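Colleague: quick one, structure for this:
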Amino acid sequence: MIYLDLFLGFLKVGCFAFGGAYAAIPLIREVVLDYGWLTDDSLTYMIAVSESTPGPIMINLATYVGSTQGGVLGSFLATFAVALPAFLLILLITAILKNACGNRYVKAVLAGLNPAIIGIILATGAYMILDHCIAPGGIQLRPVILTIVLGAILYGSKKWFGKKLSPIQLILIAAVAGVIAYSI
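Modeller: Just a heads-up that it's a prediction; the model follows:
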């Protein structure tokens, strides 16, 4: 019976949780408290743990609750149930878009989205750089130097190495540079 409850409870979360993980927390709270799977305190702790581990909060919470209530099978069923609606929705959208991609209006909309997405990413990057480089006390030297060094590495990599760095390589370089810069 616990397996059916886990499946149906987290299927409800997966079907009706719109707006991202934080918007889904009230629904998750309702489900886990109604079934008695977690207390309010343990849910709060689990949200904190789920937030600090890789992966979506809903998936992490479903896996944890399923594991504590039904072992490995419960963990699988809860995780599967919370992800199933999104998976089916993506399949449906993919099928619709595959057929619609030949339409010139759809092509125009998708082509118009590219610059908008680039602008959003650039604006987010600029905001993050400014937010970390300019603090209330003034300009922060370490983030400014790191930004300049990483920018030089990114744009100079093609000239120096004959090819551009992949995002993963740049993230690793940034991590090492950050550890070095903040350990001094």
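
Colleague: next secondary structure after the lengthiest helix in the chain?
Modeller: Assignment by DSSP state H gives helix 57-100 as the longest helix of the chain. Downstream of helix 57-100, the first helix or strand assigned by DSSP states H and E is helix 104-133.

Colleague: how far off centre is that following helix?
Modeller: 17 Å (C-alpha atoms, centre = their mean, to the nearest Å).

Colleague: cool, and stretch 43-56?
Modeller: For stretch 43-56, the distance to the chain centre is 12 Å (C-alpha atoms, centre = their mean).

Colleague: going forward, begin numbering at 8 instead of 1
Modeller: In the new count, where the first residue is 8, that last one comes out as stretch 50-63.

Colleague: quick check: mean pLDDT of it?
Modeller: Regarding stretch 50-63, the rounded mean pLDDT is 81.

Colleague: what about Gly185, neighbour count?
Modeller: 14 (other C-beta atoms under 10 Å). The C-beta positions use only the backbone N, C-alpha and C, and glycine is treated the same way.

Colleague: how is the protein carved up into domains?
Modeller: Per automatic domain parsing, the structural domains of the chain span 9-107, 111-190.

Colleague: can you tell me how far the residue nearest the centre of the chain is from Thr131?
Modeller: Centroid-nearest residue in the chain, with C-alpha atoms, centre = their mean: Pro63, separated by 6.0 Å. Pro63 sits 19 Å away from Thr131, taking C-beta to C-beta, to the nearest Å as the criterion.

Colleague: likewise for Leu148?
Modeller: From Leu148 to Thr131 the distance is 23 Å (C-beta to C-beta).

Colleague: please apply the same query to Lys170.
Modeller: 26 Å.

Colleague: low-confidence regions, this protein specifically.
Modeller: 26-28 (pLDDT under 70).

Colleague: how many other residues sit next to Thr101?
Modeller: Other residues lying near Thr101 total 10 when counted by other C-beta under 10 Å.

Colleague: oh, I was asking about Ile160
Modeller: By the criterion of other C-beta under 10 Å, Ile160 has 17 neighbours.
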